[in-house]
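Novice: Take a look and give me a structure for this.
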Amino acid sequence: MVDTMGFIISTIVHSAGIQDRDGGRYVLGKAKRKGHRTLKVWVDGGYAGKLIGWAKDVLDYDLEVVKRSDLNKHTFVVLPKRWIVERTLSWLSRSRRLSKDYEYATKSEEAFIHLAMIRVMLLKIEKEYV
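Specialist: Coordinates of the predicted model:
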């Protein structure tokens, strides 16, 4: 889960056998346990359905589905708010350790995600003060 600046709020790495909707409950629940009271969350169509109602009723989080336009199927269109997540994934893919699935344990994969984001934040701080 990423904030509007592209920094990670909550991370969960799980097996590919878990659907996005089910994994969404885990990551939203983790964000709530970490103390994030009220969030506005933009999700893609894979998270639509019961997750939106569950997040509102149980966690008091407002989930909004960012849908792609079917009018411009064959042209590139920047979707509002979705580019933030894509940019963050691009930042993470720069980390060599995250370029392939080297890890056996999900906790170590989460740790390398956090290390990569620490690097991104440090580079942003460096640019601002140098």
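
Novice: tell me, how many neighbours does Val43 end up with?
Specialist: Val43: 22 surrounding residues under other C-beta atoms under 10 Å. The C-beta positions use only the backbone N, C-alpha and C, and glycine is treated the same way.

Novice: so who does it touch?
Specialist: Residues counted as contacts of Val43 (C-beta atoms under 8 Å, 6 or more residues apart in numbering) are Gly24, Leu51, Leu63, Glu64, Val65, Val66.

Novice: What's opposite it in the beta bridge?
Specialist: Beta-bridge pairing for Val43 (DSSP bridges): Val65.

Novice: And it, how far from Ile113?
Specialist: Distance of Val43 to Ile113, computed by C-beta to C-beta, to the nearest Å: 19 Å.

Novice: quick one: average pLDDT of the longest helix along the chain?
Specialist: For the chain, the longest helix by residue count, based on DSSP state H, is helix 106-129. Rounded to a whole number, the mean pLDDT of helix 106-129 is 87.

Novice: Next: stretch 45-58.
Specialist: Mean predicted lDDT for stretch 45-58 stands at 87.

Novice: Ok, stretch 14-31 next?
Specialist: Computed over stretch 14-31, the mean pLDDT rounds to 86.

Novice: Could you export it as PDB, keeping only the C-alpha atoms?
Specialist: Extracted C-alpha coordinates of stretch 14-31, given in PDB (Å, rounded to 0.1, in the frame of the first residue of the first chain):
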ATOM      1  CA  HIS A  14       2.100 -13.700   0.000                       C
ATOM      2  CA  SER A  15       1.900 -16.600  -2.400                       C
ATOM      3  CA  ALA A  16       0.400 -16.200  -5.900                       C
ATOM      4  CA  GLY A  17      -2.400 -18.500  -4.800                       C
ATOM      5  CA  ILE A  18      -4.100 -15.700  -2.900                       C
ATOM      6  CA  GLN A  19      -6.400 -13.400  -4.900                       C
ATOM      7  CA  ASP A  20      -5.900  -9.700  -4.900                       C
ATOM      8  CA  ARG A  21      -9.200  -9.100  -3.100                       C
ATOM      9  CA  ASP A  22      -8.200 -11.500  -0.300                       C
ATOM     10  CA  GLY A  23      -4.700 -10.100  -0.100                       C
ATOM     11  CA  GLY A  24      -6.200  -6.600   0.100                       C
ATOM     12  CA  ARG A  25      -7.800  -7.400   3.400                       C
ATOM     13  CA  TYR A  26      -4.400  -8.400   4.800                       C
ATOM     14  CA  VAL A  27      -2.600  -5.300   3.700                       C
ATOM     15  CA  LEU A  28      -5.500  -2.900   4.800                       C
ATOM     16  CA  GLY A  29      -5.700  -4.700   8.200                       C
ATOM     17  CA  LYS A  30      -1.900  -4.300   8.600                       C
ATOM     18  CA  ALA A  31      -2.200  -0.600   7.900                       C
END
